[in-house]
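Engineer: Here you go, sequence then predicted model.
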Amino acid sequence: MVMAVAALVIGIVFIALGVSKANWIQSQMAAEKVSVSVFGGNVTTDGYIDNAAEAQAAADRIKQHRHAIAPSYGNLTSYGTGGRYDPTNPNPYPPNPNLTIGEAMLEYTQALNMENYLYMGVFALNFTQVVIVIGVFMILVGAALMAVWAAIRKKRSAEVKVKSP
């Protein structure tokens, strides 16, 4: 019975934590006001990224844009910087002469930051779902343990009555 109660309590705590953290993450994402237009979504009055699917789509789109600037960070830093990050480099960026090397590096790193932020949001929201599922499982285990405990107790009670004179 103690294990059943512990499983129920743990399950309830997991569900409460998962739901509260998911709500907090979604509110923080909405507060950043990143428009769903980043990934080609429909812009409405509240068209801000606030769920895992939108964050995933936006991060994937930003990754495509980032790779259009340079296929990799190593490739980006190979242009006249001696292999290092130099956002002040005023030389033209050969793949896109409309940008300087410094501007290309800044755009690339800003895109990388946004991409990472969105992918972390995807991970966090999916992880809260895992925590909630574990909580539901723990409640089911607790209920099963209680049923087993009740069945054993009922059987013992019946045996005692049969054996008594």
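Structural biologist: All right, it came through fine.

Engineer: May I see the buried residues of the biggest strand by length in the chain?
Structural biologist: Ordering each strand of the chain by length in residues (DSSP state E) puts strand 96-100 first. Residues of strand 96-100 classed as buried by neighbour count (16 or more other C-beta atoms under 10 Å): 99-100. C-beta here means a position set from N, CA and C on the backbone, and glycine is covered the same way.

Engineer: Show me how far that strand is from its chain's centre.
Structural biologist: 35 Å (C-alpha atoms, centre = their mean, to the nearest Å).

Engineer: by contact count, what packs against that strand?
Structural biologist: strand 92-93 (3 or more C-beta pairs under 8 Å, 6 or more residues apart in numbering; DSSP states H and E).

Engineer: Quick one: mean pLDDT for the strand it packs on?
Structural biologist: Model confidence over strand 92-93, given as mean pLDDT, is 92.

Engineer: For that strand, which outside residues touch it?
Structural biologist: Residues from elsewhere that reach strand 92-93, judged by C-beta atoms under 8 Å, 6 or more residues apart in numbering: 79, 99-101, 103-104.
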